[in-house]
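Undergrad: give me a 3D structure for the following:
(2 chains)
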Protein chains: 2
Amino acid sequence: MALGGNAFTREHESGGYDEMAANARVMAEAVDGVRQAGWRVVVVHGNGPQVGNSAIQQDAGEPVVPRQPLWALGSMTEGLLGSLFCLALREVGGERGLDVVSLVTHVRVDPADPAFRLPTKPIGPFFSAQAADELARQKGWQVVEDAGRGHRRVVPSPAPLEIVEARAIIRLLEQGHIVVAAGGGGIPVAANNGRLVGVEAVIDKDLAAALLGATVGAQVLVLVTDVDAVMLDFGTPRQRPLTTVSADEMRMHLRDGQLPEGSMGPKVRACLQFLDAGGGCAVITRPRLAPRVLSGHAAAGTRIVSRLADRGAA
Amino acid sequence: MALGGNAFTREHESGGYDEMAANARVMAEAVDGVRQAGWRVVVVHGNGPQVGNSAIQQDAGEPVVPRQPLWALGSMTEGLLGSLFCLALREVGGERGLDVVSLVTHVRVDPADPAFRLPTKPIGPFFSAQAADELARQKGWQVVEDAGRGHRRVVPSPAPLEIVEARAIIRLLEQGHIVVAAGGGGIPVAANNGRLVGVEAVIDKDLAAALLGATVGAQVLVLVTDVDAVMLDFGTPRQRPLTTVSADEMRMHLRDGQLPEGSMGPKVRACLQFLDAGGGCAVITRPRLAPRVLSGHAAAGTRIVSRLADRGAA
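TA: Just a heads-up that it's a prediction; the model follows:
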């Protein structure tokens, strides 16, 4: 289950601890619902707002305290949000005593990934065009205009190739733990003279979740977001939700431009990667609906299956 | 194995990433040496300098970004240092391919622990008496004079009672992983209306390591520090190292004031707690000597055993 970027800090929220903890409980209830339906669960969460906040604090603390590199900020958000989400899950589980554990997770990328030459992942706050220009000059940032909401720093977002701690994750799942892993898409590392070193990037958490799902042999990938389902003809009078759909149909909708790059496109592509790697089913829906969509018993929610013959399978 | 507070950032260093990574490699070699001698290893690291740095960055980032509470900073250092140390161990292990994983770990404390009324744990940088007074007024800090080096903020350091993620740690050790856990003493939490909530404290990492060792059934507790051995009559012409010594002898040296509260006293008490809880042997030495002291084959290094009859046992 991949929890959306706003899972802990919603738009217009500042990112205070109590806010994040309250949001985490909503997500924890969704995960617990899936768990109670009999599934073993590994959870991947986003970290966009938090890694951006952390970068601001790092800048503000200089020159008293040295700034950490971007991948180190990723590792800090894995600790912060991993702890927060484990506590929320334990609270939701109450006397049932859920065994839940969060792993500091590294994800290998290719240092020659073209993404390093073309940063696309926005992080941190919005700036005016002028402030953004100034920051770009001062700090060597790349900045882009983001969906009419202002200018933001963008960083490379290379493809995830390997979950470094995969064996530990599999062992803990086998032992009945709910495992939180690859938070924020995982700490990006690349091989360099036979060792793994951090690289300045933020991996897409949905792609990391698709890879993690395939690696642990998951039957289902669930991308939890803030809409009931993927919509066709979004924003027109013909708008309608996709319920159960084959991977081939979904590829057609992608080609037809039905799934915008700023929202559903990347999520659907992560689902297709998971199915291509042998996954049985991918779900896109909101937290509350996740347990029922997963079991195939909900009217709403999008389920993508490898073949149409699988429409009825859980 | 508990790695000293200066394991990643030595005195007079600023806490930059490359510095921390270089220091981590020295520690990783010690852990790898113990591992190669045939031991299963769980590693606890300190976080004093890093959590202090993080607090400064959090303050500097306000009011743009809200400050996180102290236990959340602890969770961030678990991510940061857990990642850093895992990468260092993988590098040192090279082609032997060590399986190493870092867990976000919570440690339960008693909210009625008297430590909450009497903060003793110094964190963060040194201030002049005047600046410290000012900060105490502004932020409600408690400050103390620290060993003639200036004034520092002190926070409560309650006794660790339970390693929340103990089961996961045990499973991973059984599967042959080197496990990094309870970093910085663990994220302090207390039961509150049937749920676990973070509390404003920093747990002593040696005491957390003693508890963790007892919980996982460790045979030996190793406290890695920056001296060869515990000294008697330290700083006098009669100064001499303690090699193998019984718990009862060590209690006598504690009572005789041989082990100052600012340095060896708390370490030795953590060792005695481990032995009282059923541990076989506790070692205090520097990284380089750890593998040999542990096997009983070093001339230097201090080994504390339950009974004198155990002197010869590994």
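Undergrad: list the contacts of A:R238.
TA: Contact partners of A:R238, counting by Cβ atoms under 8 Å, 6 or more residues apart in numbering or on different chains, are A:L232. C-beta: built from backbone N, CA, C; applies to glycine.
Undergrad: phi and psi next, for it.
TA: Phi and psi for A:R238, reported as degrees, to the nearest 10, are phi -90, psi 10.
Undergrad: same thing with A:Q142?
TA: With angles defined as degrees, to the nearest 10, A:Q142 sits at phi -100, psi 140.
Undergrad: could you do A:S75 as well?
TA: Dihedral angles (degrees, to the nearest 10) for A:S75: phi -70, psi -40.
Undergrad: contacts only, for the nearest residue to it once chain neighbours are set aside.
TA: The shortest distance from A:S75 to any non-neighbouring residue, by Cβ to Cβ, 6 or more residues apart in numbering or on different chains, is to B:S83 (3.8 Å). Counting by Cβ under 8 Å, 6+ apart, B:S83 makes contact with A:71-72, A:75, A:78, A:104, A:106, A:187, A:198, B:102.
Undergrad: so B:S83: helix, strand or coil?
TA: Secondary structure state of B:S83, per DSSP: H, G, I helix; E, B strand; the rest coil, is helix.
Undergrad: still on that earlier bit, of the contacts of B:S83, which belong to helices?
TA: Residues of the contacts of B:S83 located in helices (DSSP state H): A:71-72, A:75, A:78.
Undergrad: gap between whichever residue of the stretch 1-150 of chain A sits closest to chain B and B:L81?
TA: Closest approach between the stretch 1-150 of chain A and chain B, counting by Cβ to the nearest Cβ: A:G79, at 2.7 Å. Distance, A:G79 to B:L81, using Cβ to Cβ, to the nearest Å: 9 Å.
Undergrad: and for A:G217, the neighbour number?
TA: For A:G217, the neighbour count with other Cβ atoms under 10 Å in any protein chain shown is 11.
Undergrad: ok, A:E95 next?
TA: Neighbour number of A:E95 under other Cβ under 10 Å is 5.
Undergrad: that one contacts B:R195, doesn't it?
TA: No: using Cβ atoms under 8 Å, A:E95 is not in contact with B:R195; the gap is 10.8 Å.
Undergrad: and A:D18, which of the three is it?
TA: Applying three-state DSSP: A:D18 is helix.
Undergrad: ditto for A:A191
TA: strand.
Undergrad: show the pLDDT at it.
TA: At A:A191, the pLDDT value in this model is 95.
Undergrad: burial count for the nearest residue to it once chain neighbours are set aside?
TA: Using Cβ to Cβ, 6+ apart and skipping the chain neighbours, the partner closest in space to A:A191 is A:R108 (6.9 Å). Residues near A:R108, counting by other Cβ under 10 Å, number 19.
Undergrad: next one: the one 5 residues further on
TA: A:D113 has 19 neighbours, counted by other Cβ under 10 Å.
Undergrad: list the contacts for it?
TA: A:156, A:158-159.
Undergrad: hmm, A:L259 is touching A:C271, no?
TA: No: using Cβ under 8 Å, A:L259 is not in contact with A:C271, being 10.6 Å away.
Undergrad: what mean pLDDT does the strand or helix carrying A:F126 have?
TA: Using DSSP states H and E, A:F126 sits in strand A:121-127. Strand A:121-127 comes out with an average pLDDT of 82.
Undergrad: hmm, who's touching whichever helix or strand comes after that strand?
TA: Following strand A:121-127 in sequence order, the next helix or strand is helix A:129-139 (DSSP H and E). Contact partners of helix A:129-139, identified using Cβ under 8 Å, 6+ apart, comprise A:127, A:141-143, A:145, A:150-153.
Undergrad: same thing with stretch A:276-285?
TA: A:210-211, A:213-214, A:217-225, A:227-230, A:247, A:264, A:267-268, A:270-272, A:274-275, A:290, A:293-294, A:298, A:300-306, A:310, A:313-314.
Undergrad: filter those residues to the buried ones?
TA: Among the contacts of stretch A:276-285, those scoring as buried are A:210-211, A:213-214, A:218, A:220-225, A:227-230, A:247, A:264, A:267-268, A:270-272, A:274-275, A:290, A:293-294, A:298, A:301-306, A:310 (criterion: 16 or more other Cβ atoms under 10 Å in any protein chain shown).
Undergrad: among these, which are in strands?
TA: Judged by DSSP state E, those include A:220-224, A:302-305 as members of strands.
Undergrad: where does pLDDT dip in the stretch 201-314 of chain A?
TA: A:308-314 (pLDDT under 70).
Undergrad: burial of A:G262, as a residue count?
TA: By other Cβ under 10 Å, the residues close to A:G262 number 8.
Undergrad: which SS state does it fall under?
TA: coil.
Undergrad: so how far is A:E145 from it?
TA: Counting by Cβ to Cβ - A:G262 and A:E145 are separated by 12 Å.
Undergrad: just A:T105 next, same as before
TA: For A:T105, the distance to A:E145 equals 32 Å [Cβ to Cβ].
Undergrad: likewise A:Q50?
TA: Separation of A:Q50 from A:E145 (Cβ to Cβ): 23 Å.
Undergrad: who has more neighbours, these two?
TA: Neighbour count, other Cβ under 10 Å: between A:Q50 and A:E145, A:Q50 has more, with 29 against 13.
Undergrad: what ranges do the strands span in the stretch 51-200 of chain A?
TA: Per DSSP state E, counting those that start in this stretch, the stretch 51-200 of chain A carries strands over the ranges A:100-104, A:106-108, A:121-127, A:142-145, A:151-155, A:162-163, A:178-180, A:187-192, A:195-198.
Undergrad: just the pLDDT at the residue nearest to A:V107 when sequence neighbours are not counted, thanks.
TA: Computed as Cβ to Cβ, 6+ apart, the closest residue to A:V107 that is not its neighbour in sequence is A:G186, at 3.1 Å. In this prediction, A:G186 carries a pLDDT score of 98.
Undergrad: now swap in the one 10 residues further on and tell me
TA: What the model reports as pLDDT for A:L196 is 96.
Undergrad: surely it touches B:V92?
TA: No: the criterion here is Cβ under 8 Å, and A:L196 misses it with B:V92 at 11.9 Å.
Undergrad: more neighbours: which of those two?
TA: B:V92 (22 against 18).
Undergrad: where's that one relative to A:G74, distance?
TA: As for B:V92, its distance to A:G74 is 23 Å (criterion: Cβ to Cβ).
Undergrad: please apply the same query to A:T236.
TA: The value you get for A:T236 to A:G74, if Cβ to Cβ is used, is 39 Å.
Undergrad: who has more neighbours, the two?
TA: For A:T236 and A:G74, the more surrounded residue by other Cβ under 10 Å is A:G74, and the numbers stand at 30 against 9.
Undergrad: centroid residue for chain A?
TA: In chain A, the centroid-proximal residue (Cα atoms, centre = their mean) is A:K205; its distance is 3.0 Å.
Undergrad: can you pull out the helices in the stretch 151-300 of chain A?
TA: Ranges of helices within the stretch 151-300 of chain A are A:166-174, A:205-216, A:247-255, A:264-276, A:290-294, based on DSSP state H, counting those that start in this stretch.
Undergrad: looks like A:V26 contacts A:A290 (just checking).
TA: No: assessed by Cβ under 8 Å, A:V26 is found out of contact with A:A290, at 11.1 Å.
Undergrad: picking up where we left off before, which among the contacts of helix A:129-139 end up buried?
TA: Using 16+ other Cβ under 10 Å as the burial test, the contacts of helix A:129-139 include A:127, A:141, A:143, A:151-153 as buried.
Undergrad: make a markdown table from those and add distance to chain B to it.
TA: Shown next, in a markdown table, are those (distance: Cβ to the nearest Cβ, whole Å):
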| residue | distance to chain B |
| --- | --- |
| A:F127 | 12 |
| A:W141 | 17 |
| A:V143 | 18 |
| A:H151 | 16 |
| A:R152 | 15 |
| A:R153 | 15 |
